[in-house]
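[1] just the structure for this:
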Amino acid sequence: MKSINILLVEDNEGDIVLTQEAFEESKIINSMDVAKNGKEALNIIFQREGYENSKVPDIVLLDINLPIKSGHEVLQEIKSDQSKKHIPIIMLTTSSAHNDIDLAYQYHANCYITKPVEINEFLEAVSSIEQFWFNIVSLPSGSR
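    Okay, here's the model as predicted:
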């Protein structure tokens, strides 16, 4: 089985820990990098500014409310680049605002999930992401 490289773009330490724990319990072989702001996420994805040796992610879990560059800005930059637009982007955020949802899909997010407040529901949502995106969907091989 191929290892799946996940990039979690999240600035909330509690959500980072919960997401990592949820994926650690999985039976899927994966690695997870964490970016705590939009600029760092883009540097990892585009392998620049000190991240030249980073792995291009197979999938990105992207929050909207991030420091330096918002999730919408990150999404727009990734999806407008011919060499990176194939990477599935899952918006995983606390915002349920229609404007945020509409904008995410306008910028070609692959899906939009509002983070549940309760811990068990959050873990269940992450498990659902894993089940769908890693067991059902065939991810693109990218340009590697």
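[2] where does the residue nearest to the spatial centre of the chain land in three-state SS?
    Among the residues of the chain, the smallest C-alpha distance to the mean C-alpha position (C-alpha atoms, centre = their mean) belongs to L61, namely 1.4 Å. Under the three-state scheme (DSSP: H, G, I helix; E, B strand; the rest coil), L61 adopts strand.
[3] try S83
    Put simply, S83 is coil when judged by three-state DSSP.
[4] what kind of secondary structure is M91 in?
    For M91, the assignment made with three-state DSSP gives strand.
[5] ok, now how distant is the residue nearest to the centre of the chain from Y51?
    With distances taken as C-beta to C-beta, to the nearest Å, L61 is found 18 Å from Y51. C-betas here are computed from N, CA, C, even on glycine.
[6] show me the contacts for the residue lying closest to F46 once chain neighbours are set aside.
    With C-beta to C-beta, 6 or more residues apart in numbering as the criterion, F46 has its nearest non-adjacent residue at 7.0 Å, and that residue is K84. Taking C-beta atoms under 8 Å, 6 or more residues apart in numbering, we find K84 in contact with 45-46, 56, 78.
[7] residue ranges with poor pLDDT in the chain?
    Per-residue confidence for the chain (pLDDT under 70) gives these ranges: 1-2, 26-29, 142-144.
[8] how close does S3 sit to Y107?
    28 Å.
[9] show me where the protein has strands.
    Along the chain, the stretches classed as strands by DSSP state E are 4-9, 30-35, 59-62, 89-93, 111-114.
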